[in-house]
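Asker: Here's a sequence, model it:
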Amino acid sequence: MIYLDNSATTYPKPVSVVSAANFAVKNYSFNSGRGGYNASVKAAEKIFSVREKLADFVNASAENIVFTHNCTVALNMAIKGSVNRGEHIIISSLEHNAVSRCVYALKEQKNVSFSIAEYSYDDNQTVENFKRLIRPETSLIVCTMASNVFGCALPVAKIGRLAKEHNIRLIVDGAQGVGIFDTDIKRDNIDILCAAGHKGLYGTLSTGFMAGGEGVTLNTFIE
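Answerer: Sure, this is the predicted structure:
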């Protein structure tokens with residue numbers, strides 16, 4: 001078999017991943033954090049150890065790692081939890097439907113406005129395109145780390161500096177970048193990083209996470 005769809009999900013999975021997933025189903029299928037018996041405690045400890053590894057990988061705090069079903073859920077949680085009625089969002093022209101459809105839904109439901117910053121092969125021009133769209137009511141910038149459609153990466157660090165200078169929250173879709181590019185949310189001024197576990201991290205399908213910066217809070221997504 002010749003597999004050419006790695007940007008959608010990596011295949012084949014490493015033997016170590018298959019082995020670990022099999023071991024987890026056999027040994028950690030317990031209600032972690034909801035029981036005092038040994039198996040429950042061991043499962044909770046294993047989950048927290050994964051939080052610590054992810055936190056170290058992207059330079060976040062383990063307590064700010066949130067596991068999700070996938071990157072789409074993480075992005076919906078981050079975006080919908082960050083915006084209030086009447087505010088303004090800027091997204092890039094290369095965003096996945098998980099971002100663009102989410103933002104459009106907020107426009108319909110919460111009277112949130114949004115603008116689209118055009119991507120340029122000139123990084124400085126891309127940043128300028130974001131800068132020109134900033135308004136007094138702009139509260140959020142969302143950009144992808146890389147586009148698997150066009151094979152190009154956005155200047156996340158430069159966009160992060162722009163966002164910080166204007167006190168605007170930055171959410172980064174790292175689905176196509178985490179595990180490929182060096183990722184540091186503190187260095188790059190990323191407030192919330194969303195990613196899938198089954199792409200550049202070579203994990204199983206239906207895995208994702210959200211890494212929040214210090215002091216970042218969200219409106220609830222699900223109760």
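Asker: center of this structure - which residue?
Answerer: residue 194 (0.7 Å; C-alpha atoms, centre = their mean).
Asker: Is the closest residue to it other than its chain neighbours in a helix, a strand, or coil?
Answerer: Leaving aside its sequence neighbours, residue 194 sits nearest to residue 74 (C-beta to C-beta, 6 or more residues apart in numbering; 3.8 Å). Where you see a C-beta, it was placed from the backbone N, CA and C, and this is true even at glycine. Residue 74 falls in the helix class when you classify it by DSSP: H, G, I helix; E, B strand; the rest coil.
Asker: distance from the centroid: which residue in the chain tops it?
Answerer: Max distance from the centre of the chain (C-alpha atoms, centre = their mean): residue 37, 33.6 Å.
Asker: tell me the contacts of the residue lying closest to that one once chain neighbours are set aside?
Answerer: Using C-beta to C-beta, 6+ apart and skipping residues adjacent in sequence, the residue nearest residue 37 is residue 30, 7.9 Å away. Contacts for residue 30 (C-beta atoms under 8 Å, 6 or more residues apart in numbering) come out as 37, 39-40, 42-43.
Asker: Name the strands paired with the strand ranked longest in the chain and say parallel or antiparallel.
Answerer: Secondary structure of the chain read by DSSP state E shows that its longest strand is strand 138-144. Its sheet considered, strand 138-144 pairs with strand 88-92 (parallel), strand 169-173 (parallel) by DSSP bridges.
Asker: Just the pLDDT at residue 77, thanks.
Answerer: At residue 77, the predicted lDDT confidence score is 97.
Asker: So what touches the host helix or strand of it?
Answerer: Using DSSP states H and E, residue 77 falls within helix 71-80. Outside helix 71-80, the residues within contact range by C-beta under 8 Å, 6+ apart are 66, 68, 89, 96, 98-99, 102-103, 106, 140, 142, 171, 173-175, 192, 194-196, 208-210, 218-219, 221.
Asker: In strands, which of the residues you listed fall?
Answerer: 66, 68, 89, 140, 142, 171, 173, 192, 194-196, 208-210.
Asker: Closest to residue 132 out of the residues you listed?
Answerer: Of all the ones in strands among the contacts of helix 71-80, residue 132 sits closest to residue 89, with 15.0 Å by C-beta to C-beta.
Asker: before we move on, back to that, roughly how far does the residue nearest to residue 194 sit from residue 197?
Answerer: 10 Å (C-beta to C-beta, to the nearest Å).
Asker: the more surrounded of those two?
Answerer: residue 74 (28 against 25; other C-beta atoms under 10 Å).
Asker: Do you know the pLDDT at the nearest residue to residue 206 once chain neighbours are set aside?
Answerer: Nearest residue to residue 206, sequence neighbours excluded (C-beta to C-beta, 6+ apart): residue 69, at 5.6 Å. pLDDT for residue 69: 95.
Asker: now swap in the one 5 residues further on and tell me
Answerer: If you check residue 74, the pLDDT there is 98.
Asker: Spit out the contact partners of residue 142.
Answerer: Per C-beta under 8 Å, 6+ apart, neighbours of residue 142: 75, 79, 89-92, 95, 99, 103, 170-173.
Asker: Which member of these is positioned nearest residue 6?
Answerer: Nearest member of those to residue 6, counting by C-beta to C-beta, is residue 173, at 17.5 Å.
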